[in-house]
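S.K.: What shape does this take:
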Amino acid sequence: MAFVFEHLRRMKESNRKVPVDRISSLPDELLINIINFLPIKYAVITSILSRRWINLFKEVTHLDIDDSFLCNSYNAFIAFTCKMLYSAKLSNMIRFRINNERCLFTSVDRWLDVILCHRIQEIDLRIQMPLRLPDSMFTCKTLCILKLTECYVILNIPDTVCLPCLKILHLKKFMFSDADVISRILSGCPLVHELVLTPCHWDELDQLSVSAPSLTKLILGKGCLAYPPLSLVTVVAPLLLRC
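M.R.: The predicted structure is shown next:
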């Protein structure tokens, strides 16, 4: 997407008559799609390019928050993310992704509460911190993709799990202390066709049961079986494809 900034920069710096700004004349839908591919920091920066771009970043459908692209200050990071989240048009939000490996923040659970009130379709979290998953995450009727990586989460699964649209579930680097967690989640996901558990730690557990009638892809990474080793893995998935 660097060509967008370079194109507009040259137009501003040139002293001769400039050609028609063809990029800014594109429909909103196309410009928003371009912004969706930018890291969040640069998505916001597009607002200073011209009047045409001032509010377009608020219409993004993909909110990707990556701390490697943001400031080093913990407080500034929180302030920036909150401002972006609450200024965006959340009714348009499709994907919410956080990649945070350097600083710990406790606002994620509140951000999830806000996001889950809307028709979110994909949540992708890579956070090296203790995290509470709201009960509403397990009853989100629009959620299609859920990826949780390196989240130090205690999975307190509510009595009712209803994820009727969930098709892809990734749980990576998790610690499981309850043998029924996976079964309870899958019981409320009738359409899930991809399940990834790698690598996971099974705390004092020696058996794993996976039952999903629509499952076509199952990945149990080496680490998933390594510590401690599982003595028995039972898979009931009539549509599972052989690699």
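
S.K.: Mind jotting down where the strands sit in the protein?
M.R.: In the chain, strands defined by DSSP state E lie at 62-66, 95-100, 122-127, 130-131, 145-149, 152-153, 168-172, 175-176, 194-197, 201-202, 207-211, 217-220, 232-236, listed in chain order.

S.K.: any chance of the ones you listed in JSON lines, with mean neighbour count too?
M.R.: Yep, even glycine has a C-beta here, placed from its N, CA and C like the rest. Output for these, formatted as JSON lines (neighbours: other Cβ atoms under 10 Å):
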{"stretch": "strand 62-66", "mean neighbour count": "19"}
{"stretch": "strand 95-100", "mean neighbour count": "19"}
{"stretch": "strand 122-127", "mean neighbour count": "19"}
{"stretch": "strand 130-131", "mean neighbour count": "15"}
{"stretch": "strand 145-149", "mean neighbour count": "19"}
{"stretch": "strand 152-153", "mean neighbour count": "14"}
{"stretch": "strand 168-172", "mean neighbour count": "20"}
{"stretch": "strand 175-176", "mean neighbour count": "16"}
{"stretch": "strand 194-197", "mean neighbour count": "20"}
{"stretch": "strand 201-202", "mean neighbour count": "18"}
{"stretch": "strand 207-211", "mean neighbour count": "16"}
{"stretch": "strand 217-220", "mean neighbour count": "16"}
{"stretch": "strand 232-236", "mean neighbour count": "11"}
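
S.K.: Now tabulate those in a markdown table and tack on distance to residue 75 and mean pLDDT.
M.R.: Formatted as a markdown table, those follow (distance: least, Cβ to Cβ, whole Å; pLDDT from 0 to 100):
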| stretch | distance to residue 75 | mean pLDDT |
| --- | --- | --- |
| strand 62-66 | 15 | 82 |
| strand 95-100 | 14 | 85 |
| strand 122-127 | 18 | 89 |
| strand 130-131 | 20 | 72 |
| strand 145-149 | 25 | 91 |
| strand 152-153 | 22 | 65 |
| strand 168-172 | 29 | 92 |
| strand 175-176 | 30 | 70 |
| strand 194-197 | 35 | 92 |
| strand 201-202 | 33 | 68 |
| strand 207-211 | 42 | 84 |
| strand 217-220 | 38 | 89 |
| strand 232-236 | 45 | 84 |
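
S.K.: what does stretch 135-144 contact?
M.R.: Applying Cβ atoms under 8 Å, 6 or more residues apart in numbering, the external contacts of stretch 135-144 come out as 112-113, 116-117, 119-123, 146, 157-158, 160-168, 185, 188.

S.K.: May I have the distance across that stretch, first residue to last?
M.R.: Using Cα to Cα, to the nearest Å, the end-to-end distance of stretch 135-144 comes to 16 Å.

S.K.: hang on, the earlier thing: and of the strands of the chain, who's closest to residue 79?
M.R.: strand 62-66 (12.6 Å; Cβ to Cβ).
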